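[1] Next comes the sequence, and after it the predicted model I'd like to discuss.
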Amino acid sequence: MRAHRRCQLLFVTAAVSSMVPSPARAFDDADFCAAVKQFAIAAEKDVGLWVDRVTRNGGMSFSCERKLVEFKRFTYAPSASMNGAWKERKAAEWSASECGSQVWGDAIRNRWKIVLSVTSADGGQVRFTAQCD
C-alpha cells in the first residue's frame, strides 16, 4: 500500500513539474497554484505515514493568495530535543531539498513561501521556511 501511495505522489510530482514553467517561459502563479492543488490532493493520502522512526506525515496546506505552501509533520521527540543545533541542521536540510527541486525552487525564487512545520509530542512547534541563495 505504501509503495502505491509513493507512486501516486511521484506521478503527481511529475505532473506538477510539467505544469511549472521552463526557463524559457515565465513563472505563472495561477498555473503553479493549480499544480499545488493537485499535489495537495495526492499528499493527503500520505497523512499518518511515517517519514522516519520518530516522525509522521501530517499533510500539507496552501494559500494561493498568500503564496504559501506548508508541509506538516509530527514527531514523537520532545520539544527539548529541538535545540539550536537541531534547528540549524533542519533549516539547512529543508532549504537544500526544496531549493534543489525544480518545482519548489522556482516557486521560492518567485516569492512563494515553502514551509515545513514540525510539531513535537509535547506540543512544541518549529517552522522552517526554505531560503534559496
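    Yes, it's here. This is a predicted model, so every value here is computed, not measured.
[2] how near is Ala80 to Glu93?
    20 Å (C-beta to C-beta, to the nearest Å). Quick note: C-beta positions are derived from backbone N, CA and C, even for glycine.
[3] who's more crowded, those two?
    Just comparing Ala80 and Glu93: by other C-beta atoms under 10 Å the higher neighbour count belongs to Glu93, 12 against 9.
[4] so that one is in which element?
    Glu93 is located in helix 84-99, with elements delineated by DSSP states H and E.
[5] What is the burial count for Glu44?
    A count of nearby residues for Glu44, using other C-beta under 10 Å, gives 11.
[6] should've said Asp133
    Close neighbours of Asp133, defined as other C-beta under 10 Å, add up to 4.
[7] Quick one: the strands in the protein, in order.
    55-63, 68-75, 113-119, 125-129 (DSSP state E).
[8] Turn those into CSV, columns for mean pLDDT.
    Formatted as CSV, these follow (pLDDT from 0 to 100):
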stretch, mean pLDDT
strand 55-63, 96
strand 68-75, 97
strand 113-119, 98
strand 125-129, 97
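[9] Quick one: those strands as TSV, columns for mean neighbour count and distance to Phe32 too.
    Listed next are the strands of the chain as TSV, based on neighbours: other C-beta atoms under 10 Å; distance: least, C-beta to C-beta, whole Å:
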stretch	mean neighbour count	distance to Phe32
strand 55-63	17	10
strand 68-75	19	9
strand 113-119	20	11
strand 125-129	16	17
